[in-house]
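Asks: give me a 3D structure for the following:
(one chain, ligands or ions: 1)
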Amino acid sequence: MKVGIDQIGYFTPNKYVDMVDLAHARNQDPNKFLIGIGQSKMSVADATQDAVSMGINATLRYLNKINKSKVGLLIFGTESSVDQSKSGSLFVKSALKLDPSVRAFEVKEACFGLTAGLMIAQDFVRLHPDQTAIVIGSDIARYGLKTAGEVTQGAGSVSLLISSNPRILELNEGHSAYSEDINDFWRPNNSKLAKVDGKYSTQVYLDFFKHTFNDYKEQKNLETKDFAAIVYHLPFTKMGLKANRIAIEGEDEETNARLMDSFTAAKELNANVGNIYTGSLYLSLLSLLENGDLKAGDLTGLFSYGSGAMAEFYSANVVEGYEKQIDKAGDEALLAKRKKLSVDEYERIFSEALEDPKNDVELVSDEDSGKYYFAGIKDDIRQYQAK
Ligand code: CAA
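Replies: Numbering: from 1, shown residues only. Predicted coordinates for the structure are as follows:
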């Protein structure tokens, strides 16, 4: 039985900062941000968009195409959790009016959270092929104003529907996982901003990539040239480029060209949205599906990484007719409609969004109609509503 990704929905908030403007404001050469880091724009979440509202909005992108009564599992992966106890899944389940019998919970392991959920969902669907699972990754990456990590921020969510006989990607059984207890990136409970040892995190990411990629190829008796494309967790696109260079080192010219072209296609959305932590790998997958040159049966490798640190390499095959399941025009419109912020406006919105919400102060969203948003708290209870 084939199990895999049947639907992909993504959402990013309606504001962005241009990296050229940010570079000028920070007295940096714009090419450092555009080429050295590989980012062009970054989405900015105001106080009315959080991990939950973005996760609802991402799932709404495909909800009317699926049979809601078949959903048996809803997993929410995030490192921007809105509550220490209640899971984001329950807010999402309620907004989407899913059945009370759905098993709903949240998972955490930095940027690995969506992959963790996907692996659980895959096993669930193999055991219950008549049911489906929604897996969401939703995050706001915040390193802080005027920090080295500032250029690698972003906000957004990716939601996947996992099912039997999927219409986008068939997941192959087996994987290579690797973890170590290290401190490359973390966010203590008393901080709204991430702590990061940026250079170390890059090194660990590349080491874990080499380890899991080589181990996976050995396990499956595969060679690099067997892959039509490899997609990477992309906290910033230069990081994936470094891993891709490792993957193609010493390979023939055709493999080199193919994997470089597919990488270019796969980084397009990420370069314009920024880091969305848990959703980053899957935003890159969507970018590849929309901009790459894939055909039915093509083998795609996926490298997931979460600081702390946990990595996994696995693969999937492209399903015939996958293009029909993807809303490329809608995805492009989401980016095109964003409002460009000046750096001053971005700094103000960023700082306001860090403030704790006050009871009974209603927040008003400027998102389009139909979009969910965080409307403030009443009796310390978070309120979500649609525009
Ligand atoms: N033109 C072109 N390139 C230029 C340039 C110019 N004018 N000026 C500099 N560059 C290049 C540099 O040569 C360098 O390239 P290489 O990486 O190829 O050497 C690149 O631009 C960056 O320059 P620096 O290393 O000097 O940049 P920096 O000190 O400002 O830090 C950073 C960069 C480490 C990525 C920093 O932005 C950071 O800490 N970001 C956050 C860390 C991060 O995202 N880590 C990812 C793993 S953690 C993760 O994924 C999160 C998770 O699990 C939750």
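Asks: got a list of what the residue positioned nearest the centre of the chain touches?
Replies: Nearest residue to the geometric centre of the chain (Cα atoms, centre = their mean): Gly279, 1.0 Å. Going by Cβ atoms under 8 Å, 6 or more residues apart in numbering, Gly279 touches Tyr10, Ala58, Leu114, Gly137, Ser138, Asp139, Gly156, Ser157, Val158. The way it works is simple: take the backbone N, C-alpha and C, and place the C-beta from them, glycine included.
Asks: and of those, the nearest to the ligand?
Replies: Asp139 (8.0 Å; Cβ to the nearest ligand atom).
Asks: which strand or helix spans the closest one?
Replies: Assigning secondary structure by DSSP states H and E places Asp139 in strand 132-141.
Asks: kindly report the same for Asp356.
Replies: Going by DSSP H and E, Asp356 is not in any helix or strand.
Asks: with Gly156 instead?
Replies: strand 154-164.
Asks: that strand near the ligand anywhere?
Replies: No. Strand 154-164 lies out of reach of the ligand by Cβ under 6 Å from any ligand atom, never closer than 10.2 Å.
Asks: dump that strand to PDB, keeping only the CA atoms.
Replies: Presented in PDB, the C-alpha positions along strand 154-164 are these (Å, rounded to 0.1, in the frame of the first residue of the first chain):
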ATOM      1  CA  GLY A 154      10.500  34.700   8.900                       C
ATOM      2  CA  ALA A 155       6.900  33.500   9.600                       C
ATOM      3  CA  GLY A 156       4.600  30.900   8.100                       C
ATOM      4  CA  SER A 157       3.100  27.500   8.200                       C
ATOM      5  CA  VAL A 158       2.800  24.400   6.100                       C
ATOM      6  CA  SER A 159       0.100  21.900   6.500                       C
ATOM      7  CA  LEU A 160       0.100  18.400   4.900                       C
ATOM      8  CA  LEU A 161      -2.600  15.800   4.500                       C
ATOM      9  CA  ILE A 162      -1.200  12.300   4.800                       C
ATOM     10  CA  SER A 163      -3.300   9.500   3.200                       C
ATOM     11  CA  SER A 164      -3.200   6.200   1.400                       C
END
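Asks: what's that strand packed up against?
Replies: strand 3-11, strand 41-43, helix 51-63, helix 113-127, strand 132-141, helix 253-273, helix 280-291 (3 or more Cβ pairs under 8 Å, 6 or more residues apart in numbering; DSSP states H and E).
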